[in-house]
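**Q** coords below, sequence missing:
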């Protein structure tokens, strides 16, 4: 093996995009960065690490515009560009066995997106009608549980302190710990889309697409709830009038899917990989639609399941409820779980 091949292989194992293999005489390419303010290529190292993203500036004035009053949110939305992640650090490569531990294989298949869905634009989901169509999903792995504070703290303690969020702090030994010890098995909350994506990269996984999430929730038959057609009651989901605060993951075994995925209804919402666009969802480019990845560009990101507040109803547990938010939104009702291609 050549030295460059080994370097590329090592980079791939630690979760960083490897540079192309080149002959020894050629210098390795320097990545180009774009100023968020004016779109010019940055020739210096002026940047801001915030909310899971690294934002470059070509001057101190541009950096000031990015920083003041969270100006980066508006600038990113107007630019139409997906910002860079803060580089993710991993102290060692994961083995395949470690990556797949705690994941469930979802065998590929086809399901029908019905002729309506609910879009959450406030506290009450609004129905949207469209022409139904078929969606094909390839086999993939999905986390059995939502990512917990315990696992997210391990990510932070592995050199990723710039992703700190949700009241997490260090203990006397410098390790990151949950806001409360009893929260270790609670789903981590207060993570925005970029935090979730950074964790997934560290774990050698990714966020699920909307189609994968739907398919895991409803299966080939389009179940109303993850477990089937029976109403949730108090033993299948943590939501609405029965909601008494977040519960540890896996607290509702009667609400798991036939494949063994827990908490796809209630407790907390979950980020998906897709940009949000209602037209993309209801006007497919093909029928059947094969492994849809969502719109190619945008700003808002999709997440699944609505809030678990007292006003939530059984509609908030349906697989055809679509939610969306700024990717910088970090509140207590949205967390995430990870996926991995087979």
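**A** Nice, I can see it. Keep in mind the model is a prediction, meaning the values are calculated, not measured.
**Q** Within its local environment, how many residues does the spatially closest residue to residue 166 that is not a sequence neighbour see?
**A** Closest residue in space to residue 166, ignoring its immediate chain neighbours: residue 190 at 3.0 Å, by Cβ to Cβ, 6 or more residues apart in numbering. To be clear about C-beta, it is placed using only N, CA and C from the backbone, and glycine gets the same treatment. Close neighbours of residue 190, defined as other Cβ atoms under 10 Å, add up to 18.
**Q** Residue 233: how many residues sit nearby?
**A** The number of residues packed near residue 233 is 11, by other Cβ under 10 Å.
**Q** does it count as helix, strand or coil?
**A** Here residue 233 is coil, with the state taken from DSSP: H, G, I helix; E, B strand; the rest coil.
**Q** any idea how far it is from residue 273?
**A** 32 Å (Cβ to Cβ, to the nearest Å).
**Q** can you check residue 76 too?
**A** Going from residue 76 to residue 273 by Cβ to Cβ gives 17 Å.
**Q** which phi and psi does the residue nearest to residue 166 have?
**A** phi 80, psi 20 (degrees, to the nearest 10).
**Q** ok, it - contacts?
**A** Residue 190 makes contacts with 165, 166, 167, 330, 331, 332, as judged by Cβ atoms under 8 Å, 6 or more residues apart in numbering.
**Q** just for the chain, where's the confidence low?
**A** 1-31, 120-125, 242, 306-310 (pLDDT under 70).
**Q** Return the distance of stretch 86-98 from the chain's centre.
**A** Distance of stretch 86-98 from its chain centroid, counting by Cα atoms, centre = their mean, to the nearest Å, is 17 Å.
**Q** And it, what's buried?
**A** Neighbour-count burial for stretch 86-98, counted by 16 or more other Cβ atoms under 10 Å, picks out 86, 88, 90, 94.
**Q** same check, this time on stretch 257-277
**A** 257, 261-277.
**Q** now swap in stretch 38-55 and tell me
**A** Across stretch 38-55, burial judged by 16+ other Cβ under 10 Å covers 42, 46, 47, 50, 51, 52, 53, 54, 55.
**Q** shouldn't the first one be in contact with residue 57?
**A** Yes: the pair residue 42 and residue 57 passes the contact test of Cβ atoms under 8 Å, sitting 6.9 Å apart.
**Q** tell me what the helix or strand where residue 49 lies is packed against?
**A** Secondary structure assignment for residue 49, by DSSP states H and E: strand 47-50. Here strand 47-50 touches strand 53-56, helix 60-67, going by 3 or more Cβ pairs under 8 Å, 6 or more residues apart in numbering; DSSP states H and E.
**Q** and those as TSV, adding distance to residue 150?
**A** Listed next are the helices and strands packed on strand 47-50 as TSV, based on distance: least, Cβ to Cβ, whole Å:
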stretch	distance to residue 150
strand 53-56	25
helix 60-67	33
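**Q** closest to residue 156 out of those?
**A** Residue 156 sits nearest to strand 53-56 of all the helices and strands packed on strand 47-50, at 16.3 Å, using Cβ to Cβ.
**Q** what's next to that closest one, contact-wise?
**A** With contact meaning Cβ under 8 Å, 6+ apart, strand 53-56 is reached by 33-36, 42, 46-49, 66, 72, 76, 83-87, 194.
**Q** Return the subset of those residues lying in strands.
**A** Secondary structure defined by DSSP state E assigns 47, 48, 49, 84, 85 of the contacts of strand 53-56 to strands.
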